[in-house]
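S.K.: 3D, please:
(chains A, B, C and D)
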Number of protein chains: 2
Amino acid sequence: MHISFSMPKKPSPDQIIDALSIDCLIFGFNNGRLDILLVKHGEGISKGKWALPGGWIQYNESVNHAAKRILHSLTGISDIYLQQLSVFGDVDRYPGKRVVTIAYYAMVNEEHYSLIPGFTASDVQWYDLHQLPDLLYDHTKIIQHGLKQLRHSVRHEPIGFNLLPKKFTLLKLQELYEAILETKFDKSNFRRKLLKMNLVKPSTEKQQDVSHRAASLYEFDEQRYQQLREKGFAFEL
Amino acid sequence: MHISFSMPKKPSPDQIIDALSIDCLIFGFNNGRLDILLVKHGEGISKGKWALPGGWIQYNESVNHAAKRILHSLTGISDIYLQQLSVFGDVDRYPGKRVVTIAYYAMVNEEHYSLIPGFTASDVQWYDLHQLPDLLYDHTKIIQHGLKQLRHSVRHEPIGFNLLPKKFTLLKLQELYEAILETKFDKSNFRRKLLKMNLVKPSTEKQQDVSHRAASLYEFDEQRYQQLREKGFAFEL
DNA sequence: TTACTTATAGTCAAAATGACCATATATTTA
DNA sequence: TAAATATATGGTCATTTTGACTATAAGTAA
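M.R.: Next up, the predicted model:
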């Protein structure tokens, strides 16, 4: 049996937890299509391959902090609401080493962020959900799981507003839900239902530069949302 | 700087991943009350303290497998549907060492299992949710999070049937939902709504040994549930 | 002016909901 | 044995919500 003569090592603060990684599944929305943010690896054995933005957790940071840091360093995206998705911990999911990964997910408006590849990423890009390249490790599985989660959440929680501009028309909101759920809603009924929930409030502005009657712009009413939440409000589509 | 002269160690199969643990939040249901399964530590510095059943992940097992193994070895409970709840990864959540934990949760019928303390546990017990002892680490936080999750799930998915006997009356089902959501339903309306969903099917049997008119016993219709799932059925209470 | 496009309001029958009431069927008590 | 009681189970009914449509409004483009 091999016995090390070294003393037990107290990890230095910026040393990583080597069996534990983070991967971020970022959904974007772009005229009717759902996109996913991918990075191209610029180093090591996986150089040139595409994957979800991911990396290692340091000893002196929380897991949630690590997720934000990693996403920012690889893609330039920051200040978004990253939520835990799931842990992927099969024995052979990562080559040559035992690595358990914690997947996070978020939804963002593509136009709000410029993509800046950094750290070990040589490229960052939005990919149409239906035209993804081959991905490293079990990242395809992570995406499938995330989609399932997204479709469930979007029916039972008022999410998805992050995918839209601050001010949006009701039709855009409808198209977003239709893209996520891959279904169609009746325009009139959708509008009626959503307005009755009071989650969106009308702004005074209207759509600009459209070749037809301009629609009113609405915005998500965060305050109202908090009020409803306290009452045990159940969002349902 | 300290440099170790030992070779990089290839972990032996049953060696543990030392920065990563698992904790299990098991809900039980007992005449109208929600319970939580706790174990008393029988060894080490935390000896005598109560906590959620938890332990370390081995190199040669998946994370999901570890959860089942740990729960079984400490409490005797096996063959249940353990689901991931969340990861708790604050820097100081565990004393003296950086440990990220993956929390799992499940619901079981208390009568179906006998509790057998094993491994490092000197005792196992169901505790009324509202009368928990002091718990180790951040386990109180894990329970709070799990409750939130449970309350959300129970309104949007047909779960909770695991908490009941195989055959149950509609009133017992109602009492279960009332205990979880801490609310009251109208008996007649609850019955009408649930029966229309077709998720429970009547058995030929009736309640025994009650001092009033015996109610019909129903059981969860797994097949019907799968059918409905494929159609994109939305359970809502 | 007309055609075309999308916005927005309204109609109406059917289904679901919430608050009740009524009766049925069992046990326990007087 | 009759009455009291407890819960089961079914029904009523006004109100609300839904789903499928129709109609009109307000713009641009030809």
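
S.K.: quick one, the lengthiest helix in chain A and helix B:139-156 angle?
M.R.: Within chain A, and with DSSP state H defining each element, the longest helix by residue count is helix A:139-156. Counting by axes from the mean of the first three to the mean of the last three CA atoms, to 10 degrees, helix A:139-156 points 70 degrees away from the direction of helix B:139-156.

S.K.: return the set of buried residues in stretch A:159-179.
M.R.: For stretch A:159-179, burial by neighbour count (16 or more other CB atoms under 10 Å in any protein chain shown) applies to A:159-161, A:163-164, A:167-170, A:172-177, A:179. C-beta: built from backbone N, CA, C; applies to glycine.

S.K.: can you map out the strands along chain A?
M.R.: Here chain A has its strands, by DSSP state E, at A:16-30, A:33-41, A:50-51, A:54-58, A:83-88, A:100-109, A:121-128, A:167-168, A:200-206, A:216-220.

S.K.: redo those strands as TSV? Include mean pLDDT and distance to DNA strand D.
M.R.: Formatted as TSV, these follow (pLDDT from 0 to 100; distance: least, CB to the nearest atom of the strand, whole Å):
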stretch	mean pLDDT	distance to DNA strand D
strand A:16-30	94	23
strand A:33-41	96	23
strand A:50-51	98	39
strand A:54-58	97	40
strand A:83-88	98	27
strand A:100-109	96	24
strand A:121-128	97	28
strand A:167-168	94	18
strand A:200-206	94	8
strand A:216-220	96	11
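
S.K.: quick one: closest of those to DNA strand C.
M.R.: Nearest to DNA strand C, of all the strands of chain A, is strand A:216-220, at 3.5 Å by CB to the nearest atom of the strand.

S.K.: send me the closest one as PDB with only the CA atoms.
M.R.: The C-alpha coordinates for strand A:216-220 follow below in PDB (Å, rounded to 0.1, in the frame of the first residue of the first chain):
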ATOM      1  CA  SER A 216     -49.100  48.600 -26.200                       C
ATOM      2  CA  LEU A 217     -46.000  47.700 -24.200                       C
ATOM      3  CA  TYR A 218     -46.300  46.100 -20.800                       C
ATOM      4  CA  GLU A 219     -43.800  45.300 -18.100                       C
ATOM      5  CA  PHE A 220     -43.500  42.700 -15.400                       C
END
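
S.K.: any residue of it touching DNA strand C?
M.R.: Yes: counting by CB under 7 Å from any atom of the strand, contacts between strand A:216-220 and DNA strand C involve A:Ser216.

S.K.: quick check: angle from that strand to strand A:200-206?
M.R.: Using the same axes, to 10 degrees: strand A:216-220 against strand A:200-206 is 140 degrees.

S.K.: isn't A:Phe185 right up against A:Leu176?
M.R.: No: between A:Phe185 and A:Leu176 there is no contact under CB atoms under 8 Å: 11.0 Å.

S.K.: what distance separates the start and the end of stretch A:117-135?
M.R.: Start-to-end span of stretch A:117-135 (CA to CA, to the nearest Å) is 17 Å.

S.K.: what comes into contact with that stretch?
M.R.: Stretch A:117-135 is contacted from outside by A:28, A:30, A:33-44, A:47, A:49-53, A:55, A:73-76, A:110, A:115-116, A:140, A:143, A:147, using CB atoms under 8 Å, 6 or more residues apart in numbering or on different chains.

S.K.: just to revisit the earlier point, so for the longest helix of chain A, what gets flagged as buried?
M.R.: A:His139, A:Ile142, A:Ile143, A:His145, A:Gly146, A:Leu147, A:Gln149, A:Leu150, A:Ser153, A:Val154, A:Arg155, A:His156.

S.K.: for chain A, which spans come out with low pLDDT?
M.R.: A:1-11 (pLDDT under 70).

S.K.: so which bits of it are right by DNA strand D?
M.R.: A:Asp186, A:Ser188, A:Asn189, A:Arg192, A:Lys193, A:Lys196, A:Val210, A:Ser211, A:His212, A:Arg213, A:Ala214, A:Glu236.

S.K.: switch to 10 Å and redo it
M.R.: Counting by CB under 10 Å from any atom of the strand, chain A comes close to DNA strand D at A:184-194, A:196-197, A:206, A:208-214, A:236-237.

S.K.: out of these, who's near DNA strand C?
M.R.: Applying CB under 10 Å from any atom of the strand to the residues of chain A next to DNA strand D, those adjacent to DNA strand C are A:186-192, A:206, A:210-214, A:236.

S.K.: wait, what's in contact with A:Arg213?
M.R.: Per CB under 8 Å, 6+ apart, neighbours of A:Arg213: none.

S.K.: could you confirm whether the longest helix of chain A reaches DNA strand C?
M.R.: No: residues of helix A:139-156 are not located near DNA strand C by CB under 10 Å from any atom of the strand, the shortest gap being 14.6 Å.

S.K.: got the CA positions of that helix in PDB?
M.R.: Extracted C-alpha coordinates of helix A:139-156, given in PDB (Å, rounded to 0.1, in the frame of the first residue of the first chain):
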ATOM      1  CA  HIS A 139     -23.900  18.100 -21.400                       C
ATOM      2  CA  THR A 140     -26.600  17.000 -23.800                       C
ATOM      3  CA  LYS A 141     -28.200  15.200 -21.000                       C
ATOM      4  CA  ILE A 142     -28.000  18.300 -18.800                       C
ATOM      5  CA  ILE A 143     -29.700  20.300 -21.500                       C
ATOM      6  CA  GLN A 144     -32.500  17.800 -21.900                       C
ATOM      7  CA  HIS A 145     -33.100  17.900 -18.100                       C
ATOM      8  CA  GLY A 146     -33.000  21.700 -18.100                       C
ATOM      9  CA  LEU A 147     -35.600  21.800 -20.900                       C
ATOM     10  CA  LYS A 148     -37.900  19.600 -19.000                       C
ATOM     11  CA  GLN A 149     -37.500  21.800 -15.900                       C
ATOM     12  CA  LEU A 150     -38.000  24.900 -18.000                       C
ATOM     13  CA  ARG A 151     -41.300  23.600 -19.400                       C
ATOM     14  CA  HIS A 152     -42.600  22.700 -16.000                       C
ATOM     15  CA  SER A 153     -41.600  26.000 -14.400                       C
ATOM     16  CA  VAL A 154     -43.000  28.100 -17.100                       C
ATOM     17  CA  ARG A 155     -46.400  26.600 -16.600                       C
ATOM     18  CA  HIS A 156     -46.500  27.000 -12.900                       C
END
